[in-house]
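Engineer: just to be clear, the model below is a prediction. Sequence and coordinates:
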Amino acid sequence: MKHLGLLLMLFLINLVSCIAEDRHIYLVLLDGHPVAFHQQDHKHPKTPFSNSEASRAHAKRLINSHDQFLQSNLEAGTYNKLYSFKHIVNGFAVHTTPSQVGKIKGVHGVKLVEKDPGAKLMTSYTPEFLGVPAVWTQVGGSRNAGDGIVIGFVDSGINPVHPSFAYDPLNPWSSNASHFSGSCEGGPRFPETSCNGKIISARFFASGARAAGTLDPSVDILSPYDAIGHGSHVASTAAGNYEVPVVVNGFFYGRASGMAPRARIAMYKAIYPTIGTLADVLAAIDQAVLDGVDILSLSIGPDEPPEDTITFLGAFDIFMLSARKAGVLVVQAVGNQGPGPYTVVSYSPWTVGVAASSTNRSYPGTLILGDGQKISGVGLSGPSFGNGLLQYKLVNAKDAIKVDGTFPRTPQYVEECQYPEALNPTAVLGSVVICTFSAGFNNGTSSLSAVIDTAKALGFMGFVLVANPSYGDFIAEPIPFSVPGIMIPRTNDAQIISRYYEQQTNRNDKGQVIRYSGRAAIGEGRIATYMERAPVVSRFSSRGPDYIDRTRSPADVLKPDILAPGHQIWAAWSPMSVVNPMMSGESFALVSGTSMATPHIAGISALIKQNNPSWTPSMIASAMSTTATKHDNFGDPIMAQGFGVNTLYPAAPFGFGAGLVDPIRALDPGLVFSSGYEDYLSFLCSLPNTNPEKIRIATGGTCAGSFSNPSDLNQPSVTITALSGTRVTHRVVMNVASKPETYLCAVLQPKGVSVSVDPAWFTIAPEKTQTLEIRLVVTQVLDDFSFGEIVLTGSLNHIIRMPLSVLPVSM
């Protein structure tokens, strides 16, 4: 019996040893200065680094130290180093097993070990909506707007042959962007000649993607080429050429321009159709800052907080802090998980977190019934033949099912028009066919592209996708249809169509249709109108409050920072469009997301930087924040979409930040609030229950100058997540105007809080600063945040607004 037990034990040991551990990607940050900050003046942490011989030698030493570290601590053959991070952060990405990575977590000099959470995409007319052409006139017109500024994009790549990125030899750049030193990495679909001056640099990063899974060579193209469309879209939104014709399905929709049409584009591809890893994203950020980008636009990133550390100290945020330390303005999407609270994935005060809104443009569609009724709907398609004057047989797909068909009687086959083999071709040929939003659309297994394929295969004259009373109203977004079609998202309108159809349809005793007498036509749906309330905070746009950890403990930081158009944005696309087959073959797409809002802010930041070349990133961010508007085009407070379809409610700073960006006023804000790297360290050191040693390990900085509270950071807003009794905080403003100005302070009081500002008025000379003491006293305990603002009104018409977001918890 004893021998049997011993044999069983040996068997189990052998069995366990034979089970191979799965490998994962881990991000490891180490002590020691990266190239950017090696031998740097501690008092001037944003001094730029050079590509000198000393810098290259230090980079080589760091790479060797990473290799030696791995060789000393991990078993040979158990790991694969993917990247050495050396420019703005010292560390590496490694592909290894959990047991191996466990060996290095406690090793001296290790600052952070984080499992790669992956990275995702946060998925025109807007220059006119924002008033950008007026800004262009102040920087030399559209032929000069953004000249000399390089915007870096970490994304899915770029379509190099798109006219939005073409070089115009008749309009050469007045600036050669000499501060920038990038590279053009050629490959499939992307010859090295693709970098034409407009695209000043293009690189790709795929080591993480290759380690994390098997790439599909037909779509996961190992070059900077954009197989998705997303990277091309964001790059052209920020910096696409002026007045490029937008043509989709042969129809001319107008002309598109980027916010800064003369800015240069540096693309760093790190997201692939099959997979995206944070390792590739971080390597791209590291390289972009080394290359010398002025602005970094990030419409990508992890979509959840880090597991083992606070939100501000995850690898992604540490890299963005290091980029900010190097003098780069980082603009980041807040995420698409709204409208619930605590859903933002932009956490840190050293980045500009961008929320998404609508514009006043819409594309109304119309279904014309045989009795003259006109039903409004959504669709981006041409009319049925005859432009609405000729009407066609109206057929409900449920009534055109093949009686002897062998397919399953599920909604996808019976009423959602997903499978052409389910329908009687004679009944639907040349007809306007009613398809119904049912279980398949509700659970995401049915698609509009399948409806269009069915319509093409069977020769529909057009289709109508109607709401289903069993599922209620649905959200309909205009998508360019290659066949006439319209969506009717409201159940009340769908019932009008149903009543007309039943009145006009003859059936036998078994309920089968013997004659279709109803008629219908689809009207033109591609002509834009400009009468909608705007901006409205988009439903999908993630909301604050900001939070410090996975338990959603709130943080004294206002997120989002700013609002920009991100709903139904026309911009450049890739004809491959492997993720969105409906857009395949097209060079433009109408897309929504905070991904689309982010490059608006990146492009506007380029215009501000061009106009004020000496301004720091925090000064540019402050200029946009303090001049933003909180009212819509009707003069009312900005509204926000809620969970319910077609519901609006008053928006708040946790939805729109400081408000909708106003580029014209941001060029000349009067006063700015400035923060530097040392201030961000003080902010981190003041966080509750934070060990200063942990901050030192994570950042390499010290807590010598910690604030009393995180809310003391010199931001253009005040956010206090737990106000007890009285708190005094301070803000320092600098006059960036050319003349002295006198300012008067006023306060729109938040409910439950008395706020005062001292001094109540002040006169400030150009380039001088003024300290403001802000005293907040609880007057009523509340269960939720209340909002207000401090308004500084200048004698030369500058108006500075500071949002107040306060939760009073005790007297």
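Structural biologist: Perfect, thanks for sending it.

Engineer: ok, then the element right after the lowest-mean-pLDDT helix or strand in the chain?
Structural biologist: Scoring the helices and strands of the chain by mean pLDDT, DSSP states H and E places helix 2-18 at the bottom, with a mean of 44. Where DSSP states H and E defines the elements, the next helix or strand beyond helix 2-18 is strand 24-30.

Engineer: render the CA-only coordinates of that next one in CSV, please.
Structural biologist: Provided in CSV are the C-alpha atoms of strand 24-30 (Å, rounded to 0.1, in the frame of the first residue of the first chain):
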residue,chain,number,x,y,z
HIS,A,24,1.4,36.0,-20.9
ILE,A,25,2.9,39.4,-21.6
TYR,A,26,4.2,41.3,-18.6
LEU,A,27,5.3,44.9,-18.4
VAL,A,28,8.2,45.5,-16.0
LEU,A,29,9.5,48.9,-15.0
LEU,A,30,12.9,49.3,-13.3
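
Engineer: adjacent strands (with direction) for it?
Structural biologist: strand 91-96 (antiparallel), strand 110-115 (antiparallel) (DSSP bridges).

Engineer: can I get those in a markdown table including mean neighbour count and mean pLDDT?
Structural biologist: C-beta here means a position set from N, CA and C on the backbone, and glycine is covered the same way. As requested, the strands paired with strand 24-30 are exported to a markdown table (neighbours: other C-beta atoms under 10 Å; pLDDT from 0 to 100):
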| stretch | mean neighbour count | mean pLDDT |
| --- | --- | --- |
| strand 91-96 | 26 | 95 |
| strand 110-115 | 20 | 91 |
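
Engineer: out of those strands, which is closest to Val395?
Structural biologist: Closest approach to Val395 among the strands paired with strand 24-30 (C-beta to C-beta): strand 110-115, 53.8 Å.

Engineer: ok so, going back, which among the strands paired with strand 24-30 is found nearest to Asn709?
Structural biologist: Closest of the strands paired with strand 24-30 to Asn709 is strand 110-115, at 25.5 Å (criterion: C-beta to C-beta).

Engineer: quick one: the strands in the stretch 401-550 of the chain?
Structural biologist: 432-436, 462-466, 485-488, 505-507, 513-516, 519-522, 536-537 (DSSP state E, counting those that start in this stretch).

Engineer: export those as JSON lines, with columns for mean pLDDT and mean neighbour count.
Structural biologist: Shown next, in JSON lines, are these (pLDDT from 0 to 100; neighbours: other C-beta atoms under 10 Å):
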{"stretch": "strand 432-436", "mean pLDDT": "96", "mean neighbour count": "26"}
{"stretch": "strand 462-466", "mean pLDDT": "95", "mean neighbour count": "28"}
{"stretch": "strand 485-488", "mean pLDDT": "94", "mean neighbour count": "28"}
{"stretch": "strand 505-507", "mean pLDDT": "91", "mean neighbour count": "13"}
{"stretch": "strand 513-516", "mean pLDDT": "89", "mean neighbour count": "13"}
{"stretch": "strand 519-522", "mean pLDDT": "96", "mean neighbour count": "26"}
{"stretch": "strand 536-537", "mean pLDDT": "96", "mean neighbour count": "26"}
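
Engineer: those: which one's closest to Pro98?
Structural biologist: Of the strands of the stretch 401-550 of the chain, nearest to Pro98 by C-beta to C-beta is strand 536-537, at 41.0 Å.

Engineer: mind giving me the packing neighbours of that closest one?
Structural biologist: strand 352-357, strand 639-641 (3 or more C-beta pairs under 8 Å, 6 or more residues apart in numbering; DSSP states H and E).

Engineer: in CSV, list the ones you listed along with mean neighbour count.
Structural biologist: As requested, the helices and strands packed on strand 536-537 are exported to CSV (neighbours: other C-beta atoms under 10 Å):
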stretch, mean neighbour count
strand 352-357, 31
strand 639-641, 24
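
Engineer: how about those strands, which one is nearest Thr719?
Structural biologist: Of those, nearest to Thr719 by C-beta to C-beta is strand 352-357, at 12.7 Å.

Engineer: and Ala722, what does it touch?
Structural biologist: Pro554, Leu807, Val809 (C-beta atoms under 8 Å, 6 or more residues apart in numbering).

Engineer: top of those by neighbour count?
Structural biologist: Neighbour counts for those (other C-beta atoms under 10 Å) peak at Leu807, which has 21 neighbours.

Engineer: pull the CA atoms of the helix or strand hosting that one into CSV?
Structural biologist: Element membership of Leu807, judged by DSSP H and E, is strand 799-810. Extracted C-alpha coordinates of strand 799-810, given in CSV (Å, rounded to 0.1, in the frame of the first residue of the first chain):
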residue,chain,number,x,y,z
ILE,A,799,-13.6,85.3,-19.0
ILE,A,800,-12.1,82.3,-17.1
ARG,A,801,-14.4,79.6,-15.8
MET,A,802,-13.4,77.0,-13.2
PRO,A,803,-15.8,74.0,-12.7
LEU,A,804,-16.5,73.1,-9.0
SER,A,805,-17.5,69.5,-8.2
VAL,A,806,-18.0,68.8,-4.5
LEU,A,807,-19.5,66.1,-2.4
PRO,A,808,-20.2,67.6,1.1
VAL,A,809,-20.2,64.7,3.5
SER,A,810,-20.2,66.3,7.0
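
Engineer: any idea of the mean pLDDT in that strand?
Structural biologist: For strand 799-810, the mean pLDDT works out to 97.

Engineer: run the chain-centre distance for it.
Structural biologist: Centre-to-centre, strand 799-810 and its host chain are 26 Å apart (C-alpha atoms, centre = their mean, to the nearest Å).

Engineer: who does that strand touch, helix- and strand-wise?
Structural biologist: helix 617-626, helix 653-656, strand 718-724, strand 741-748, strand 753-758, strand 769-778, strand 786-794.

Engineer: how close does Leu74 get to Val101?
Structural biologist: Per C-beta to C-beta, to the nearest Å, Leu74 is found 8 Å from Val101.

Engineer: so what sits against both of those two?
Structural biologist: Val94.
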